[in-house]
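Whatever this is, show me its structure:
(2 chains)
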Number of protein chains: 2
Amino acid sequence: MSLVVVGSLAYDAVETPHGKVERMLGGACTYIALSASYFAPVSIVGVVGEDFADEDVALLGSRGIDLEGMERAPGKTFFWSGVYSDDMNDRTTRHTDLNVFVDFDPKLPASYRTKPYLFLGNIQPGLQKNVRGQMNGVCVTGGDTMNLWINEFRGQLLETIREWDFLLVNDSEARLLSGQSNLKQAAAAIMAMGPKTVIIKRGEYGALLFFKDRNGKTRWFTAPGYLLDQVFDPTGAGDCFAGGFMGYLTSRNVDLADPAADHRELHRAVIYGSVMGSFCCEKFGVERFRTLTRAEIDTRFQEFQDATEF
Amino acid sequence: MSLVVVGSLAYDAVETPHGKVERMLGGACTYIALSASYFAPVSIVGVVGEDFADEDVALLGSRGIDLEGMERAPGKTFFWSGVYSDDMNDRTTRHTDLNVFVDFDPKLPASYRTKPYLFLGNIQPGLQKNVRGQMNGVCVTGGDTMNLWINEFRGQLLETIREWDFLLVNDSEARLLSGQSNLKQAAAAIMAMGPKTVIIKRGEYGALLFFKDRNGKTRWFTAPGYLLDQVFDPTGAGDCFAGGFMGYLTSRNVDLADPAADHRELHRAVIYGSVMGSFCCEKFGVERFRTLTRAEIDTRFQEFQDATEF
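Numbering: from 1, shown residues only, chains lettered A, B, ... in the order given. Next up is the predicted model:
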């Protein structure tokens, strides 16, 4: 099975307590695709400017990522710059230059339209809905969103996620979208909006999964965050979580719309999400993905087993 | 096997977003003992004033708790009053009246001195050391502490915990004691101070366990916090965690000083800690323990299994 990922391709400038990088490859689509590529074939849709470097194209290509849907537009690539707090739990944006991303209107190449899995990264919800509409057949669909769309495009967002099989957001987004501070109640409220499965990322604390079992009962699962000796740079960790989650589901052909699906597969997908998020934090930006192997991923998956089994 | 618990017996006034109670039974020793009593015989050491109510004595007695070491002194019982923030992750102390607790100098009845497990609740570290010295034989010993003792009595605290098999603290205490912000590094620093096992409570996010396996390698385990529909009052949840953890170890006769001990038993002890902490939050103060049954505890333990297995 294979997966289509839609989202931003960017350059980032990042400062953490461990150092500073003036310009590095970034963007949600980049992280999701790199992470998912360890599990399943990935095709991306995104836009870059004339400054997008050959070596960055080469990195994506080296992971076997299908770049047919990567559009190159006149102008510069989306640029984001930010600085992290001392404990790296907060970050402040210094600059956002949308550049070519302003006019991003994702179009799926014909070869993408029959693919069975679609992950819609955090872009304007109307665009997300439009992409979903371009798929020919039934595809397992889910994605991410952010506070801007929840606050300013709420109606459009609700119309969009109504069609989704899952929503993957962080805890503050889940609270904002649902109006509930309790995460169990927040998940229930979001499930009533359409998505049958809700994944709530909690940063260093891991993630929560909510889904309905074959008896229609809502169940929850929790994956811890991996305990790193040092968090170098958390940029992209949430997107790498998404990539690991979605990549594993794609590789196992799990149908989130089927209540009889083996929920252990969903659990494992969340653990792989946590595994991939943890690797991402070990180096600046996408650096870790230059050397990461599937064997390292499986070793860490086993560490999660040892750290949670009782 | 049976367990000795030393610590405060108190009355609390508590305000949470869900309500307000002017006076209710509290104190670390109370919560630890009630929680542990579901697993093993418990004997307590503490001091109360003339105002300590018969019905509160009766509640402890109804759980089979041995009260021989509960001293009654002239004056009033320790009184604490506090208010929780809207999300209940922070609390502010309004009043602390130490009352009879000022002169608390714990003395173990002869019948306690041969017991094999000792939990030293959060009291002045010199007193904790003194209690440990009153035990006749080898006993599995651990306990809690707080920022006041870490900051103002550091030397005495280090001398005290050097003899302990485990230390059980929350994340901010672990960081303060170790000087490390990363919890894995904090645990390693604390293990170098003496305790072979370190448990770090993380409030709603559950707890982390660090221990050395038979090869001398440090390993970690994580228990999630239980997802409650509503947290009514978190007062005592950390102490109930301690009671569940220690009570289970006592019931299974786990020797924390033995590197060949089955580490799955340690894992289960942490899960029982999390289970007991979750029940505590369901009602004000100790109310939940008036009706809680062992069957409910085991059902929730199974829920933790379902929520973490993959």
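
Find the nearest non-adjacent residue to the residue in the stretch 1-150 of chain A that chain B sits nearest to, please.
Residue nearest to chain B within the stretch 1-150 of chain A: A:D87 (6.2 Å; CB to the nearest CB). C-betas here are computed from N, CA, C, even on glycine. Among residues not flanking A:D87 along the chain, B:S181 sits closest, at 6.2 Å (CB to CB, 6 or more residues apart in numbering or on different chains).

burial count for that neighbour?
Using other CB atoms under 10 Å in any protein chain shown, B:S181 has 15 neighbouring residues.

And the strands in the stretch 101-250 of chain A?
Ranges of strands within the stretch 101-250 of chain A are A:117-120, A:140-143, A:166-170, A:197-201, A:207-212, A:218-223, based on DSSP state E, counting those that start in this stretch.

Neighbouring strands of the second one in the sheet, and parallel or not?
Within its sheet, strand A:140-143 is paired with strand A:117-120 (parallel), strand A:166-170 (parallel), according to DSSP bridges.

what's the closest of these to A:V138?
Of all these, it is strand A:117-120 that lies closest to A:V138, at 10.4 Å by CB to CB.

So what does the nearest residue in space to A:R252 that is not next to it in sequence look like in phi/psi?
Distances taken as CB to CB, 6+ apart place A:E265 nearest to A:R252, at 5.3 Å, with adjacent residues excluded. Dihedral pair for A:E265: phi -70, psi -40, per degrees, to the nearest 10.

now A:E265: how far from A:A58?
As judged by CB to CB, to the nearest Å, A:E265 and A:A58 stand 33 Å apart.

More neighbours: the two, which one.
Legend: neighbour count by other CB under 10 Å for A:E265 and A:A58, higher for A:E265 (17 against 9).

OK, contacts around the more buried one?
A:E265 is in contact with A:248-249, A:252, A:254, counting by CB atoms under 8 Å, 6 or more residues apart in numbering or on different chains.

which one of those residues sits closest to chain B?
Proximity of the contacts of A:E265 to chain B (CB to the nearest CB) peaks at A:Y248, which lies at 10.9 Å.

The residue of the stretch 1-150 of chain A closest to chain B contacts B:Q180, correct?
No. In this structure A:D87 lies outside contact range of B:Q180 using CB atoms under 8 Å: 11.9 Å.

Poorly predicted segments of the stretch 51-200 of chain A, please.
Residue ranges of the stretch 51-200 of chain A with pLDDT under 70: none are present.

hang on, the earlier thing: kindly present the strands of the stretch 101-250 of chain A as JSON lines, with separate columns for mean neighbour count and distance to B:A187.
Shown next, in JSON lines, are these (neighbours: other CB atoms under 10 Å in any protein chain shown; distance: least, CB to CB, whole Å):
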{"stretch": "strand A:117-120", "mean neighbour count": "28", "distance to B:A187": "36"}
{"stretch": "strand A:140-143", "mean neighbour count": "25", "distance to B:A187": "36"}
{"stretch": "strand A:166-170", "mean neighbour count": "27", "distance to B:A187": "26"}
{"stretch": "strand A:197-201", "mean neighbour count": "27", "distance to B:A187": "24"}
{"stretch": "strand A:207-212", "mean neighbour count": "23", "distance to B:A187": "22"}
{"stretch": "strand A:218-223", "mean neighbour count": "22", "distance to B:A187": "20"}
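
Mind putting these into TSV with distance to B:A307?
Below are those laid out as TSV (distance: least, CB to CB, whole Å):
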stretch	distance to B:A307
strand A:117-120	25
strand A:140-143	21
strand A:166-170	18
strand A:197-201	14
strand A:207-212	9
strand A:218-223	5
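
nearest to B:P116, of these?
Closest approach to B:P116 among the strands of the stretch 101-250 of chain A (CB to CB): strand A:218-223, 33.8 Å.

Just the CA atoms of that closest one, as PDB, please.
The C-alpha coordinates for strand A:218-223 follow below in PDB (Å, rounded to 0.1, in the frame of the first residue of the first chain):
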ATOM      1  CA  THR A 218     -14.700   4.200  22.900                       C
ATOM      2  CA  ARG A 219     -11.300   3.000  24.000                       C
ATOM      3  CA  TRP A 220      -8.100   4.700  24.700                       C
ATOM      4  CA  PHE A 221      -4.500   3.800  24.300                       C
ATOM      5  CA  THR A 222      -1.400   5.700  25.500                       C
ATOM      6  CA  ALA A 223       2.100   5.800  24.100                       C
END
